[in-house]
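J.: Sequence first, predicted model second:
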Protein chains: 2
Amino acid sequence: MGSIQKITGTLVLVVSASFSVNAQQFNKSEDAIKYRKGAFTVMNAQFDQLASMAKGNLPYDAKVASEGAAAVEALSKLPWAGFAEGTDKGETKARPEIWTDAAKFKDAQGKLMTETAKLAIAAKTGKLEDLKVAVSATGGACKNCHENFKSK
Amino acid sequence: MGSIQKITGTLVLVVSASFSVNAQQFNKSEDAIKYRKGAFTVMNAQFDQLASMAKGNLPYDAKVASEGAAAVEALSKLPWAGFAEGTDKGETKARPEIWTDAAKFKDAQGKLMTETAKLAIAAKTGKLEDLKVAVSATGGACKNCHENFKSK
């Protein structure tokens, strides 16, 4: 367990160094909500395509997968700026825990960004098996955050 | 003019080689529309931040600008898959010319992607003057497409 924890610690450190807080500012709460929803919509569509390849529902295309995974990685950095204070009301499924348990939410963001970075690397190998593993891990990071911070 | 045309030709070739058509598929027209709107919303928000820095309305932060420009570059590749045939109706400002003059629309996409690639490079120099030039050129590419293909 010691070495696993050390590896996890290293990964988190890499994430902290690579993904700084985006300084995006919004004039209106609804703009922030629209922004973060947009980022999730596009990330979800791109990820769905990779998941379909992993499941065999869509023919595996290494180039498309590599581009899609790069898009998912880039997109995974973006929604968080839209969760500014005061954007908990309106057309949103965001749960209050996002703001009341901000450290845990930040940790969940970090987990996703770590997995999408690995996904992008895995997709570049051109091996469907690598993609499958990374898609599964990324899906787990999505689910982890949804279960804790998104209303049904 | 000969050499300028040659340069333009080279750029287009680079764009064609770098940005292949995203194979994103949608089950419903409204999903495609939601997807492309999401991509534009996020790209616009990220670009606005850079434009604010270029105009002096937001303090210049080289790191934030570099990350924002990288996001804009990544996002500029994504909306186009959402303009599939049959997605001209619904909650959209997309003009029919997108489909009736597809070659011109594709050219406008290429221009944007070329400018956002240059924007990402310019933002990495850490020089506000470089950012200003690239923001202006990218804004021109946005405007070019909106004027021809987006309803008011």
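T.: Perfect, I can see it now. Residues are numbered from 1 along each chain as shown, chains lettered A, B, ... in the order given.

J.: contacts, neighbours, all on C-alpha from now
T.: OK.

J.: Could you report the pLDDT at the residue in chain A positioned nearest to chain B?
T.: Residue nearest to chain B within chain A: A:Gly38 (3.8 Å; Cα to the nearest Cα). For A:Gly38, the pLDDT comes out at 98.

J.: Excluding residues flanking it in the chain, which one is nearest it?
T.: Spatial nearest neighbour of A:Gly38, excluding adjacent residues (Cα to Cα, 6 or more residues apart in numbering or on different chains): B:Gly38 at 3.8 Å.

J.: Same question for A:Phe47.
T.: Using Cα to Cα, 6+ apart, the closest residue to A:Phe47 is A:Val72 (6.4 Å).

J.: Close to chain B: what parts of chain A are there?
T.: A:22-25, A:34-39, A:41-42, A:45-46, A:49, A:64, A:67-68, A:71, A:74-75, A:78 (Cα under 8 Å from any Cα of the partner chain).

J.: Among the residues you listed, the buried ones, what's the PyMOL command?
T.: Provided next is the PyMOL selection string for whichever of the residues of chain A next to chain B are buried by 16 or more other Cα atoms under 10 Å in any protein chain shown:
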select buried, chain A and resi 22+24+34+35+36+37+38+39+41+42+45+46+49+64+67+68+71+74+75+78
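
J.: Could you point out which residue ranges in chain A have low pLDDT?
T.: In the predicted model, chain A carries pLDDT under 70 at residues A:1-24.

J.: Over to the closest residue to A:Ala123 other than its chain neighbours. Which of the three states is it?
T.: Nearest non-adjacent residue to A:Ala123, counting by Cα to Cα, 6+ apart: A:Ser66, 4.8 Å away. At A:Ser66 the chain is in helix, as set by DSSP: H, G, I helix; E, B strand; the rest coil.

J.: that older thread, so the residue nearest to A:Gly38 is in contact with A:Ile33, correct?
T.: No - the criterion here is Cα atoms under 8 Å, and B:Gly38 misses it with A:Ile33 at 11.4 Å.

J.: residues contacting A:Lys127?
T.: The neighbours of A:Lys127, taking Cα atoms under 8 Å, 6 or more residues apart in numbering or on different chains as the test, are A:Ala62.

J.: Repeat that for A:Ala65.
T.: Contacts of A:Ala65 (Cα under 8 Å, 6+ apart): A:Leu50, A:Ala123, A:Lys124.

J.: From the residues you listed, list the buried ones, please.
T.: Applying 16+ other Cα under 10 Å to the contacts of A:Ala65, the neighbour count classes A:Leu50, A:Ala123, A:Lys124 as buried.

J.: now, which of these lie within helices?
T.: A:Leu50, A:Ala123, A:Lys124 (DSSP state H).

J.: Hmm, the last one is touching A:Ser66, no?
T.: The reference is to A:Lys124. Yes - with contacts counted by Cα under 8 Å, A:Lys124 reaches A:Ser66, the gap being 5.3 Å.

J.: Cool, thanks, talk later.
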